[in-house]
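Colleague: With the sequence up front, the predicted model follows.
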Amino acid sequence: MFNQIVTSGVINPNIVSNDRQTAPLFYGNVTALDNPSDITQSLEQAGLTFTYATEALYNEQLEKIDRAQKLITIDSKGKKSTDTDMFFKDHREREQWNKDNPGSTPKDLIRRNAKDNFLNIVGKDYKLHQPEQVYKAYLELANYLELQIHMAGVINNGHSIWARVKLDKDIEVKDAKIAQYITIMTGVSKSTKAGESPEDVACFNQWNLLLGKTEWYLGNVSHRGLFNHEQFAETIAKRLNYDQKARELTALIETRCNTYEKHNYFKNVLFADFANKEKIAKNTQKLERYIKMANSKPCKVDAEARHNTWYGSFMDATWIADRFSSRDMSGLGSGLASSNLTGRIGKTKAKAYAQALNQPEVLQALAA
């Protein structure tokens, strides 16, 4: 329904990124938080002033459907998303076609059927988790940890929202410096969840979610239950295990990975169907292209921590995954934000992390 893009967001300019005295970059246009503790002001700057709501759903005979309802947004002025005109997915192509065919009946750019302008169809017991609640949870968490909110924003005009806190402990092993973050995510068809998301400051991808667990184990509240921001923040603070993440990344950095192991690793984590006999030839060519990409700039980073190590192989796999199409895992398209957070790209990275940790030599290093 929406292009998967960050439609608004904020950063904390007090956080140093990539050893530069500048605020971290992010997808799309972002502004700076003036005061993260000022909830009203920060919600406005982050584009989080809307609320989620539900409306009745009717069938083609205009009969009310009792088991389901529409999930919509309402902006700060009270305007509902169902009252807003929506562009067709291919509106740019339609606009270009109109220019190229001036004598023909122009194609519509806007879908004016208001009943289609909803985020999702949900059950009658669906509980709303509001943007302000999520932001308050992060503010609560930041207070627990004596830190500041790092980023917050919106994806797909309300389809998803997120926030991040940067921990004050970077993991430094050899010449690798890995910044530690906690990310909270919620939105359409997603529970409200939290997970660790370390970021290698030498990486060219600005937001690598190196998630070790796809279930976002720091916190997970489904839309079957109400959202308590204080309880959610307290749960995250209790479950956070900085030392374990440091041990895992250290083991990956200090364990060697040869060329043969890296080829097999790429086959296992970057392909869903490499064993398909009809696709072996095609996927073999693709695998060689991935290996070539991993050994070339800008993916290749000259760092001891990455040279022939399992950490280096993992980072290469995440760099390639960032270039997957969100709709076609086999394609090399732009890494899209929603897919990175909760879709195929994020799941590929989680699988890559888990499989790297599961290598016998890495397990041995972790047990030492």
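Modeller: Good, I have the coordinates. Quick caveat: nothing in here was measured; it's all calculated off a predicted structure.

Colleague: Bridged to Ile171, which residues?
Modeller: The residues paired with Ile171 through beta bridges, assigned by DSSP bridges, are Ile178.

Colleague: Around it, how many other residues sit close by?
Modeller: 20 (other CB atoms under 10 Å). Placement of C-beta: from N, CA and C, glycine included.

Colleague: Now do the contacts for it.
Modeller: Residues touching Ile171, when contacts are defined by CB atoms under 8 Å, 6 or more residues apart in numbering, comprise 177-178, 180, 198, 245-246, 249-250.

Colleague: now, which of these lie within strands?
Modeller: Among the contacts of Ile171, the members falling in strands (DSSP state E) are 177-178.

Colleague: Take the contacts of Ile171 and keep only those in helices.
Modeller: Mapping the contacts of Ile171 onto helices (DSSP state H) picks out 245-246, 249-250.

Colleague: Can you say which of the residues you listed are buried?
Modeller: 245-246, 249-250 (16 or more other CB atoms under 10 Å).

Colleague: From those, pick the one nearest Arg111.
Modeller: Within those, distances to Arg111 taken as CB to CB reach their minimum at Lys245, with 45.0 Å.

Colleague: wait, that closest one sits on Gln180?
Modeller: Yes. Proximity of Lys245 to Gln180 meets the contact threshold set by CB atoms under 8 Å, at 7.1 Å.

Colleague: what touches both of those two?
Modeller: 171, 196, 198.

Colleague: count of residues packed around Glu44?
Modeller: Each residue near Glu44 was counted by other CB under 10 Å, and the total is 13.

Colleague: just to revisit the earlier point, okay, the shared contacts of Lys245 and Gln180 in TSV with distance to Asn241 and pLDDT next?
Modeller: Listed next are those as TSV, based on distance: CB to CB, whole Å; pLDDT from 0 to 100:
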residue	distance to Asn241	pLDDT
Ile171	13	87
Glu196	9	79
Pro198	13	75
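
Colleague: okay, the residues you listed in TSV with distance to Val154 next?
Modeller: What follows is those, written out as TSV (distance: CB to CB, whole Å):
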residue	distance to Val154
Ile171	30
Glu196	22
Pro198	24
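
Colleague: Provide a list of residue ranges in the protein with pLDDT below threshold.
Modeller: In the prediction, the chain carries residues with pLDDT under 70 at positions 1-6, 12-30, 112-116, 189, 201-216, 272-276, 324-343.

Colleague: So which residues of it form helices?
Modeller: With helices called from DSSP H, the chain shows them at 39-46, 91-100, 131-145, 229-239, 242-254, 259-270, 280-294, 310-321, 337-342, 344-357, 360-367.
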